[in-house]
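A.B. asks: Need a 3D model of the following:
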Amino acid sequence: MKKVIASAGLLAIGALGTQTVQAQLAAGAEKPWSVSATLRGFYDDNYDTQPDGPLRRGTFGYELRPSAQVNLVQGQTTLNLSYIYSYMYYIDRPNGKADQSHDVELFLNHFFNERYSVDFSDSFVIAQEPEIIDPNLSAVDRANGDNLRNTAAINFHAQLTRLLGLVLGYSNTYYDYNQDAGNVNTSLGQQNFPTYSALLNRMEQYAHIDGRYQISDTSVGILGYQFGAVTYNSPESIADLAAPNTIPPYPFGGPDYVAADTRNNYSHTVYIGLDHTFRSNLSFSGRGGVQFMDYYQSPAGNPQSSPSPYFDLSLNYTYTDGGVVVFGFHNAHNQTDIGAAVSGTGVSVTQDE
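C.D. replies: Below you'll find the model as predicted:
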């Protein structure tokens, strides 16, 4: 495993002018839906998310952001569905001045009785900004094009006794980046770089089981296990090559070809935790344990497995209705946009960060 630390600055400042039109719910006659539209001006000081240097550029622009939301409660079932469309125009960007994104969010919860319930969520986005496509920031640079990410999760909650509960869950995240060797020039000088499609197209699956013990009215102890499986699905090479005569797309099975699925991995995470409510608007959630990674298709000379500490801590403060501030710390293995290097001594794969 190689750990990679990367950073890129992105800053949108202020609203030069904002107008909002919203279908408001009449007092005493609430409706389960709402529609709104926002127009704002912005300044982005680094629209290509480049490090400090000559490639860093800033520009003014404007955003049109219509949205719609539906909230339904029928007996023991709750449904929340929302859609946000964003059209962002960058005035001084030389090519592709407009970005368009789509964000669909679904949440469904059903109580069978006071002891058993199930919830399902789905988040589907088409976007260019890295923090929208991949909140874990496997890639820190923006990616032009219609990049897709879909995350679905289902959790079953059971209250076995007055003090002991159980949560069984499964989540599935699919990434499909538009940038590939067929539609982008990946060569720069004497260097050939793998595309986002090669590096980041994948499916992540996680299944977990949590035992929950009610310590007090405000505290719940956690003992849990999570199994993860990450599968890369691009046929392109993830090699970063110095050979000037090697032009992407790399030939499948050629001497400079490093398959994306060499970074396929299984993970096992065992943790203990605590959920504590200080007051109605302030709560803490913490998990800590050990994560074990297995890169079962790693090429010869690269480590196949490694244990490491796992932490997921957050302090949540609700300062107003619909407004939340979260302070957190997270330490775990994550996917990365750094690929593999090929040299006379062999292949060195950056497995994660």
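A.B. asks: Going by C-alpha atoms from here, please, whenever you check contacts or count neighbours.
C.D. replies: Will do.
A.B. asks: For the nearest residue to D122 once chain neighbours are set aside, list the residues it contacts.
C.D. replies: The spatially closest residue to D122, leaving aside those adjacent along the chain, is A152, at 4.3 Å (CA to CA, 6 or more residues apart in numbering). Neighbouring residues of A152 by CA atoms under 8 Å, 6 or more residues apart in numbering: F120, S121, D122, S123, S171, N172, T173.
A.B. asks: now do V342
C.D. replies: Each residue near V342 by CA under 8 Å, 6+ apart is listed here: A239, D240, L241, D256, S348.
A.B. asks: Relative to S237, how far out is it?
C.D. replies: Distance, V342 to S237, by CA to CA, to the nearest Å: 11 Å.
A.B. asks: How about the contacts made by G96?
C.D. replies: By CA under 8 Å, 6+ apart, the contact list for G96 is empty.
A.B. asks: Can you tell me the SS state at it?
C.D. replies: coil (DSSP: H, G, I helix; E, B strand; the rest coil).
A.B. asks: Show me the beta-bridge partners of S171.
C.D. replies: A153, Y206 (DSSP bridges).
A.B. asks: try V270
C.D. replies: Beta-bridge partners of V270, as defined by DSSP bridges: Y225, V290.
A.B. asks: same deal with V230?
C.D. replies: In this entry, V230 is beta-bridged to E204, N265, by DSSP bridges.
A.B. asks: I'd say it and L200 touch.
C.D. replies: No - counting by CA atoms under 8 Å, V230 stays clear of L200, with 10.8 Å between them.
A.B. asks: More neighbours: which of those two?
C.D. replies: For V230 versus L200, neighbours defined as other CA atoms under 10 Å are more numerous around L200 (24 against 21).
A.B. asks: Ignoring the adjacent residues along the chain, who's closest to the more buried one?
C.D. replies: Nearest residue to L200, sequence neighbours excluded (CA to CA, 6+ apart): D337, at 6.4 Å.
A.B. asks: List the contacts of the one you found.
C.D. replies: By CA under 8 Å, 6+ apart, the contact set of D337 is S138, A139, Y196, L199, L200.
A.B. asks: got a pLDDT number for it?
C.D. replies: Note for D337: predicted pLDDT of 91.
A.B. asks: how close does it sit to D134?
C.D. replies: Taken as CA to CA, the span from D337 to D134 is 11 Å.
A.B. asks: Quick one: name whatever helix or strand follows the helix or strand bottoming out on mean pLDDT in the chain.
C.D. replies: Within the chain, judged by mean pLDDT, DSSP states H and E, the helix or strand with the poorest mean is strand 19-22; its value is a mean of 40. Toward the C-terminus, strand 19-22 is succeeded by strand 33-44 as the next helix or strand (DSSP states H and E).
A.B. asks: elements contacting that next one?
C.D. replies: strand 19-22, strand 59-74 (3 or more CA pairs under 8 Å, 6 or more residues apart in numbering; DSSP states H and E).
A.B. asks: need the contacts of A152 in a markdown table with secondary structure, can you?
C.D. replies: A markdown table is the format used below for the contacts of A152 (three-state DSSP):
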| residue | secondary structure |
| --- | --- |
| F120 | strand |
| S121 | strand |
| D122 | strand |
| S123 | strand |
| S171 | strand |
| N172 | strand |
| T173 | strand |
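A.B. asks: Could you look up the SS state of the residue nearest to L200?
C.D. replies: coil.
A.B. asks: How about S197?
C.D. replies: The local conformation at S197, judged by three-state DSSP, is helix.
A.B. asks: give me the number of residues near it?
C.D. replies: Neighbour count of S197, defined by other CA under 10 Å: 25.
A.B. asks: Does it touch N147 like I think?
C.D. replies: No - S197 is not in contact with N147 according to CA under 8 Å; the separation is 9.5 Å.
A.B. asks: Need the overlap of contacts for those two.
C.D. replies: With CA under 8 Å, 6+ apart as the test, S197 and N147 both reach D176, Y177, N178.
A.B. asks: how about the helices in the chain?
C.D. replies: Using DSSP state H, the helices of the chain run over residues 130-133, 196-200.
A.B. asks: looking at those helices, which is closest to Y319?
C.D. replies: With CA to CA, the closest approach to Y319 among those belongs to helix 130-133: 23.6 Å.
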